[in-house]
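In: got a sequence here, can you build the structure:
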Amino acid sequence: MPRINSRGFTLVETLVVLGAAAVLFLIGFPRVRTALTKANVRSARSSVITLYNQARSRAIREGRSVTLHFSNSNGTAWMTGSPRRAAGTATCLCDTVGTTRYLGSAYGVTITASPDTFRIDPRGLGVQPSASGTVIKLAKLGYQDSVLIYGYGRVSK
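Out: Take a look at the predicted model:
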């Protein structure tokens, strides 16, 4: 009897491979989710540090105070510059400098800043009512990270 060459897989072989793939997916999914959550919190922390560095350099460059604002309710962060006089006039130019960062929606984190503003003087030093500086806590699904900004400009993760 001649032998027939068969190409392909049987239904049983296909089901075994799909079942094994499903088991591996179920085992690995929680770890991937945890890694993504931690990465989002770390990315939000990096964005806060970047925003602080931008505010500090802008205060020094423009020779005016810049204030960092954090909204605990919707997770936004932005900078405002102190009033400055237009050249040759008595008009004050008060403005929001830079772009507003929507950290809550971009990274899915909640922000808790205490206090919720941090002012940087034209020398690049923080002007804070408390000596301990500002603590910005970022959290998502039980994972938490924080940034501590001291009055003299040091940032601690």
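
In: contacts and neighbour counts: CA atoms only from here.
Out: OK.

In: in a helix, F9, correct?
Out: No - using DSSP: H, G, I helix; E, B strand; the rest coil, the assignment for F9 is coil, not a helix.

In: could you measure it against V23, distance?
Out: Counting by C-alpha to C-alpha, to the nearest Å, the gap from F9 to V23 is 20 Å.

In: and what of I60?
Out: 57 Å.

In: please apply the same query to V147.
Out: 39 Å.

In: neighbour count winner among these two?
Out: V147 (18 against 10; other C-alpha atoms under 10 Å).

In: helices or strands up against the helix or strand of the chain with the lowest mean pLDDT?
Out: Across the helices and strands of the chain, mean pLDDT, DSSP states H and E gives its lowest value to strand 92-102, namely a mean of 75. Under the contact criterion of 3 or more C-alpha pairs under 8 Å, 6 or more residues apart in numbering; DSSP states H and E, strand 92-102 touches strand 76-85.

In: now the strand it packs on: mean pLDDT?
Out: Taken as a whole, strand 76-85 carries a mean pLDDT of 81.

In: that one pairs with which strands?
Out: If you go by DSSP bridges, strand 76-85 pairs up with strand 66-71 (antiparallel), strand 92-102 (antiparallel).

In: quick one: the most centrally placed residue in the chain from R58, how far?
Out: In the chain, the residue lying closest to the centroid (C-alpha atoms, centre = their mean) is A44, at 1.4 Å. Separation of A44 from R58 (C-alpha to C-alpha) stands at 21 Å.

In: residues touching the nearest residue to S132 once chain neighbours are set aside, list them.
Out: Nearest in space to S132, with sequence neighbours left out and distances taken as C-alpha to C-alpha, 6 or more residues apart in numbering, is Y150 at 6.5 Å. For Y150, the contact set (C-alpha atoms under 8 Å, 6 or more residues apart in numbering) comprises 126, 131-134.

In: V16: neighbouring residues, count only.
Out: 11.

In: and it, how far from F25?
Out: With C-alpha to C-alpha as the criterion, V16 and F25 are 14 Å apart.
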